[in-house]
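Q: Need a 3D model of the following:
(one chain, ligands or ions: 1)
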Amino acid sequence: MEKLKSRITETLILSISQSNPNNLPNTCSSLLHFLNHLPLFHQMIEDLAHTNTSLCLKNDDSALEFKLKGNNCFSNGDNSNALNFYTQALRVAPRDVDVMGKNLVATLYVNRAAVLQKMGLYLESLRDCNRALAICRSYSKAWYRRGKANTSMGNYNDAVCDLKVSLCMEQSLSGKRQIEGELKLILGQNNREEFPPNGIKCKESDIYDQLQDIQLQCVETETKGRGMVSLTDIPQATLLHAEEPYAAIVSKNCRETHCHFCFNELPVDIVPCSSCSMALYCSQLCQIHARGQDQQFHTKNHDIGFDLSGDLENYVASVTEAIDDGVNIKQNAEHKHECGVNWPAALPAEIVLAGRAIVKSIEQNRHFNESSSIVNLELCHNYLQLDTEAKLELHISSVVLMKCLHHCYRSDIPLNGDTISQVRVGQTIYLAGSLYNHSCQPNIHTYFLSRTLYIRAIEFVAAGHPLELSYGPQVGQWSCNKRQSSLKEQYAFVFLDSSVANYEQQKINPFSCGLPLQVGRLKHDEVKRVASFLCEETGSTHEIKTGFCLSCGAFRDLEASNAVVKKAEICIRRLEGLLDSGECHNAALSNALRSLDLLKSALHPYNKKVAEAEDYIAQAFCLIGELQRSRDHCQASIKILEKLYGDDHIVIGNEMVKLASIQLCLGDHAVEETRNRISLIFSQHYGSQVDAVFPHLQFLKRSV
Ligand SMILES: C[S@@+](CC[C@H](N)C(=O)[O-])C[C@H]1O[C@@H](n2cnc3c(N)ncnc32)[C@H](O)[C@@H]1O
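A: Numbers count the residues shown, from 1 in each chain. Alright, predicted model coming up:
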């Protein structure tokens with residue numbers, strides 16, 4: 001990309017730097033025209049868009065090499081390396097290669113199932129067997145391994161069926177004997193307990209929450225562009241919006257750790273894409289959603305090739321059909337068009353995402369037999385804030401992307417400035433969800449379950465009032481400065497009122513009780529006027545003088561206090577650092593306790609820094625097993641936060657979870673009340689989906 005950039009003429013760079021959303025088609029056209037004359041450009045597209053030059057192609061030689069390494073590790077009892085090698089092998093194994101009469105991918109799944117069984121990961125082992133059986137139903141060893149996994153999980157009836165099927169299919173005498181031995185063992189067990197079927201058939205549709213019928217409207221605001229308002233009153237905790245992404249992509253730094261479809265963390269039994277070595281999924285279902293169903297496996301599936309009794313035949317059908325259960329793909333397979341080529345790895349993630357949005361639009365047009373133009377996502381409202389470098393890179397990446405897509409979708413993607421300038425997607429991919437603006441006093445709250453975006457009202461919102469959320473962490477968790485720079489960087493916010501930022505710079509940080517310190521720099525009279533007005537409004541008779549709190553009348557020598565606070569903060573940070581590395585020394589804890597007293601003497605009683613110090617000290621006491629003191633400090637921290645944020649704020653909910661776990665360990669009956677408050681706060685934010693968002697909270701419910 002850098003090479004291309006260095007070839008672009010000064011004149012073209014100038015016109016790109018002066019471009020705006022309206023004349024993007026012209027600048028894109030000029031760039032395409034210019035690049036089309038460069039052999040380097042054509043070579044680059046060749047490398048990026050052709051599958052024969054792909055770096056993520058499947059390769060049976062590498063797969064066999066990894067398999068061999070996996071086998072060696074397995075025989076030496078090195079399970080964790082065996083697991084890694086089998087997974088590597090699965091990433092590069094072509095789906096249609098047979099080795100010694102068996103499909104290579106199916107064999108690798110069965111081998112990995114054996115390792116997982118050895119590691120005590122029975123459910124994962126069972127899932128790998130299912131994957132092998134989805135490819136080849138008549139795979140005796142896969143049924144045998146499945147039987148072993150089911151036995152380990154206490155699913156004896158299933159285990160017996162698995163082993164019986166395996167026995168019918170097994171050709172070798174020694175194999176048959178082994179299976180018979182296993183069967184005898186299970187059948188001979190007296191009083192065996194049948195456990196309920198394992199949870200693999202649990203579907204996302206089990207998670208249910210009622211979406212309210214609320215009329216929302218997109219309006220043009222004065223300072224924030226478009227925004228959302230409700231046409232009716234919205235009660236607190238109402239679920240007002242749920243949306244699937246129009247297009248989605250996993251971020252580059254999460255490619256090896258998170259599912260490329262649902263974005264959940266990858267389990268140990270990763271499912272690689274069936275056609276390239278790049279995409280990884282948490283389940284076969286996600287893989288199919290992203291890539292589409294593998295026809296080839298399915299035709300093979302119908303032929304078992306063995307005579308089974310009626311019962312066993314039904315059993316085989318029920319097991320192998322369960323794997324397809326729920327695969328009802330409504331959206332297009334978003335990874336299909338980029339599978340096995342280099343450009344998704346070479347281009348920035350947001351450009352690849354733009355490609356997905358464009359392809360979706362083309363597929364939708366094809367489906368409805370329409371020839372309308374590619375969807376315009378209208379997400380370029382911040383284009384003018386980009387600098388020349390960013391505009392240039394965006395132009396080049398967009399031209400490269402469109403040229404690559406043109407390889408797959410020739411006539412559907414006319415290559416001209418108009419279509420190229422459609423590549424102006426930011427990170428946002430929820431068409432309606434992206435219309436909600438930011439406020440530091442949010443009245444709605446967003447969260448995700450897998451890829452679905454949910455929006456819930458966190459307070460009563462009157463009809464006509466803007467619906468706004470807090471971008472980034474909750475209000476209060478960042479200083480005004482930090483939030484502003486993040487909003488500017490990530491969302492190109494333009495702060496019309498620069499006095500807000502100036503105010504933040506002028507005040508001396510630790511004193512958050514209301515008065516700016518360096519009043520000398522502001523007009524003294526103005527400050528006094530505002531203060532008098534406030535006192536009048538609240539009926540306060542407190543002195544209006546530097547250093548006196550307007551809320552409680554307390555006096556502070558501000559300069560001296562500031563010095564004390566700075567010193568105390570150093571000790572608290574030291575404790576924080578120790579806690580981060582899971583340690584706590586008595587000396588550090590004693591220093592932190594002294595510092596807490598200093599902070600309390602110098603700061604307002606409801607200062608957030610005191611709350612933070614209380615929280616770190618609570619964690620430290622917890623770490624050294626002094627739970628009563630831990631609980632007291634945790635409660636002290638919560639008391640301050642309640643004053644700062646209000647009783648029902650999500651920050652209080654999070655702190656209450658910590659308190660509840662300490663109370664549980666102490667056998668403190670107050671845990672019941674804490675749990676009720678947690679339930680209330682979390683249900684206001686997440687409704688009945690709270691268990692799906694925070695599965696660990698169920699443990700708390702069960703334990704109380
Ligand atoms: C997710 S979009 C919200 C919808 C957007 N207003 C529009 O017209 O498409 C985020 C963008 O809205 C604007 N925005 C949102 N909240 C804002 C606020 N509080 N102040 C200024 N701009 C805001 C910024 O341009 C930001 O990049």
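Q: For Gly101, see how far away the residue nearest to Gly175 when sequence neighbours are not counted is.
A: Nearest non-adjacent residue to Gly175, counting by Cβ to Cβ, 6 or more residues apart in numbering: Ser140, 6.9 Å away. Bear in mind the C-beta positions are built from the backbone N, C-alpha and C, glycine included. Counting by Cβ to Cβ, to the nearest Å, the separation of Ser140 from Gly101 is 12 Å.
Q: same question, Ala463
A: 70 Å.
Q: tally of neighbours for the residue nearest to Gly175?
A: 21 (other Cβ atoms under 10 Å).
Q: Quick check, it in contact with Lys176.
A: No. Ser140 is not in contact with Lys176 according to Cβ atoms under 8 Å; the separation is 9.3 Å.
Q: Please identify every residue contacting each of the two.
A: Glu170 (Cβ atoms under 8 Å, 6 or more residues apart in numbering).
Q: can you pull out the helices in the stretch 51-200 of the chain?
A: Here the stretch 51-200 of the chain has its helices, by DSSP state H, counting those that start in this stretch, at 60-75, 79-92, 104-118, 122-135, 140-152, 156-169, 173-187.
Q: distance between the last one and the chain's centre?
A: How far helix 173-187 lies from its chain's middle: 45 Å, per Cα atoms, centre = their mean, to the nearest Å.
Q: tell me which residues of it are tucked away?
A: The neighbour-count check on helix 173-187 (16 or more other Cβ atoms under 10 Å) flags Gly175, Lys176, Gln178, Ile179, Glu182, Leu183, Ile186 as buried.
Q: okay, who's weakest in these by pLDDT?
A: The member of the buried residues of helix 173-187 with the lowest pLDDT is Ile186, at 83.
Q: For Gly547, see how far away that residue is.
A: As judged by Cβ to Cβ, Ile186 and Gly547 stand 80 Å apart.
Q: And for Lys336?
A: Going from Lys336 to Gly547 by Cβ to Cβ gives 67 Å.
Q: what do you get for Gln484?
A: Distance from Gln484 to Gly547, by Cβ to Cβ: 28 Å.
Q: OK, contacts around the nearest residue to Leu55 once chain neighbours are set aside?
A: Nearest residue to Leu55 in three dimensions, chain neighbours excluded: Asn342, at 5.9 Å (Cβ to Cβ, 6+ apart). Counting by Cβ under 8 Å, 6+ apart, Asn342 touches Asp47, Leu48, Ala49, Thr53, Ser54, Leu55, Cys56.
Q: 7 Å instead, please
A: Asp47, Leu48, Thr53, Ser54, Leu55 (Cβ atoms under 7 Å, 6 or more residues apart in numbering).
Q: Which of these sits closest to the ligand?
A: Proximity of the contacts of Asn342 to the ligand (Cβ to the nearest ligand atom) peaks at Leu48, which lies at 30.2 Å.
Q: and the host helix or strand of that closest one, what other elements does it pack with?
A: Element membership of Leu48 [criterion: DSSP states H and E] is helix 39-49. Helix 39-49 sits against helix 2-7, helix 343-346, helix 388-408, with contacts defined as 3 or more Cβ pairs under 7 Å, 6 or more residues apart in numbering; DSSP states H and E.
Q: so how far is Pro348 from Glu2?
A: According to Cβ to Cβ, Glu2 and Pro348 sit 13 Å apart.
Q: same thing with Val271?
A: Val271 is 26 Å from Pro348, by Cβ to Cβ.
Q: higher neighbour count, these two?
A: Ranked by neighbour count (other Cβ under 10 Å), Val271 and Pro348 place Val271 first, with 24 against 14.
Q: and Tyr447, that's in a strand?
A: Yes. Applying DSSP: H, G, I helix; E, B strand; the rest coil, one finds Tyr447 inside a strand.
Q: quick one, phi psi at Ile436?
A: If you look again at residue 436, you'll see it is Tyr, not Ile. phi -90, psi 130 (degrees, to the nearest 10).
Q: Now do the closest residue to the ligand within the stretch 151-300 of the chain against Gln635, distance only.
A: For the stretch 151-300 of the chain and the ligand, the shortest gap (Cβ to the nearest ligand atom) falls at Gly225, measuring 2.9 Å. Gly225 sits 44 Å away from Gln635, going by Cβ to Cβ.
Q: Compare the two (neighbour count), which wins?
A: Between Gly225 and Gln635, Gln635 has the larger neighbour count (other Cβ under 10 Å), namely 17 against 11.
Q: Any buried residues in the strand or helix carrying the more buried one, and which?
A: According to DSSP H and E, Gln635 maps onto helix 627-645. By neighbour count on 16+ other Cβ under 10 Å, the buried set for helix 627-645 is 627, 629-638, 640-642, 644-645.
Q: ok, the spatially most central residue of the chain - contacts?
A: By Cα atoms, centre = their mean, the mean C-alpha position of the chain lies nearest to Phe263, the distance being 5.3 Å. By Cβ under 7 Å, 6+ apart, the contact set of Phe263 is Val250, Ser450, Arg451.
Q: Including pLDDT, could those residues go into TSV?
A: Below are the contacts of Phe263 laid out as TSV (pLDDT from 0 to 100):
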residue	pLDDT
Val250	86
Ser450	78
Arg451	81
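Q: tell me what the helix holding Gln635 is packed against?
A: helix 608-623, helix 650-666.
Q: What mean pLDDT does the longest helix belonging to the chain get?
A: Longest among the helix segments of the chain by residue count, using DSSP state H, is helix 558-580. Here helix 558-580 scores 90 as its mean pLDDT.
Q: Now it: buried residues?
A: For helix 558-580, by 16+ other Cβ under 10 Å, it's 558, 561-562, 564-565, 568-569, 571-572, 574-576, 578-579.
Q: Could you confirm Cys276 falls within a helix?
A: No. Cys276: not assigned to a helix; according to three-state DSSP it is coil.
Q: Distance of it relative to Val359?
A: As defined by Cβ to Cβ, Cys276 lies at a distance of 16 Å from Val359.
Q: Also Ser172?
A: 48 Å.
Q: could you point out which element follows the lowest-mean-pLDDT helix or strand in the chain?
A: Here the helix or strand of the chain ranked lowest by mean pLDDT, DSSP states H and E is helix 498-506, holding a mean of 44. Per DSSP H and E, the first helix or strand lying C-terminal to helix 498-506 is helix 524-538.
Q: Could you list the low-pLDDT ranges of the stretch 401-550 of the chain?
A: For the stretch 401-550 of the chain, the stretches with pLDDT under 70 are 410-429, 474-477, 479, 492-524.
Q: Contacts only, for the closest residue to Pro442 other than its chain neighbours.
A: Distance criterion Cβ to Cβ, 6+ apart; nearest residue to Pro442, sequence neighbours excluded, is Ser470 at 4.2 Å. Ser470 makes contacts with His438, Ser439, Cys440, Pro442, as judged by Cβ under 7 Å, 6+ apart.
Q: do that again at 10 Å, thanks
A: Residues near Ser470 by Cβ atoms under 10 Å, 6 or more residues apart in numbering: 438-446, 458, 476-478, 483.
Q: Check Asn103 too.
A: Ala93, Pro94, Arg95, Asp96, Val97, Tyr109, Ala132, Ile135, Cys136, Tyr139, Phe297, Lys300.
Q: what do you get if the cut-off is 7 Å, keeping everything else the same?
A: Per Cβ under 7 Å, 6+ apart, neighbours of Asn103: Ile135, Cys136.
Q: Many thanks, we can stop here.
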